[in-house]
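Undergrad: One predicted model, sequence on top.
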Amino acid sequence: MINLTQHNTSSEQIEAGVIDMPAREQELLKGMLTFHSPPLQRTIHNRAIRIAKLAEQSGHDKAMIGGAPFLMSALEYELRCVGVEPFYAFTKRVVEEKDGVKKSVFKHEGFTPAYRHPAMDKSIRENLEYRYEREADAKAFQEGDQP
C-alpha cells in the first residue's frame, strides 16, 4: 500500500505494509495536496488525476489517502480508474501520561476502505472507455491521421 498523504508513514503503518513515495514524488504529492485558497472544481479534478497517476506509476494496487475533504471523493474515483483501491487510516486517540504530563497521541488501528457505491463500477468503465478513445484520437492526430 502506497502512502498518498502529506504525512510520513508511522512505524505501525510500515509494519502493516504501507510505504512512502520516493522523495521526488513525495514532494510533488505534497504540492498537489496543498491548497492555499478555495480551489476551482477543475483544479480538484486535475489534481486528483495527477495524484492517481503517481499512484499508478508506483505499481501498488492500494493507497492510503487523506487530506482536504473536498479532494477525497475525486481522488477515490480517479484512483479506482487506474486500478488502485483507496483506503483511509483508522486511528484511535489515546492519552499517554509521562512525568505527570498528559498528552494525546493517535495510534494506528488499521485501515478502512473508501466507500464504493455500486453504480461506481459502471461509471469507472465508461470513464476508462472515454479516456482510451481520447488517447487513441490524440495518438492518431500526432501521427497525422484524422481522429
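TA: Happy to help now that I have it.
Undergrad: Quick one: low-confidence residue ranges for the protein.
TA: 138, 140-147 (pLDDT under 70).
Undergrad: And the helices in it?
TA: Remark: helices assigned in the chain by DSSP state H are 11-15, 23-33, 41-58, 69-81, 120-142.
Undergrad: Residue 82 contacts residue 56, doesn't it?
TA: Yes. Counting by C-beta atoms under 8 Å, residue 82 does reach residue 56; the two are 4.0 Å apart. From N, CA and C alone the C-beta is placed, and that goes for glycine too.
Undergrad: Not counting sequence-adjacent ones, nearest residue to residue 93?
TA: residue 104 (5.4 Å; C-beta to C-beta, 6 or more residues apart in numbering).
Undergrad: contacting residues around that neighbour?
TA: By C-beta atoms under 8 Å, 6 or more residues apart in numbering, residue 104 lies in contact with 93, 94, 95, 96.
Undergrad: residues contacting the last one?
TA: Contacts for residue 96 were tallied using C-beta under 8 Å, 6+ apart; they are 102, 103, 104, 105.
Undergrad: Okay, residue 69 and residue 35: tell me how far apart.
TA: 11 Å (C-beta to C-beta, to the nearest Å).
Undergrad: neighbour-wise, which of the two wins?
TA: Taking other C-beta atoms under 10 Å, residue 69 and residue 35 do not tie; residue 35 has more neighbours (14 against 7).
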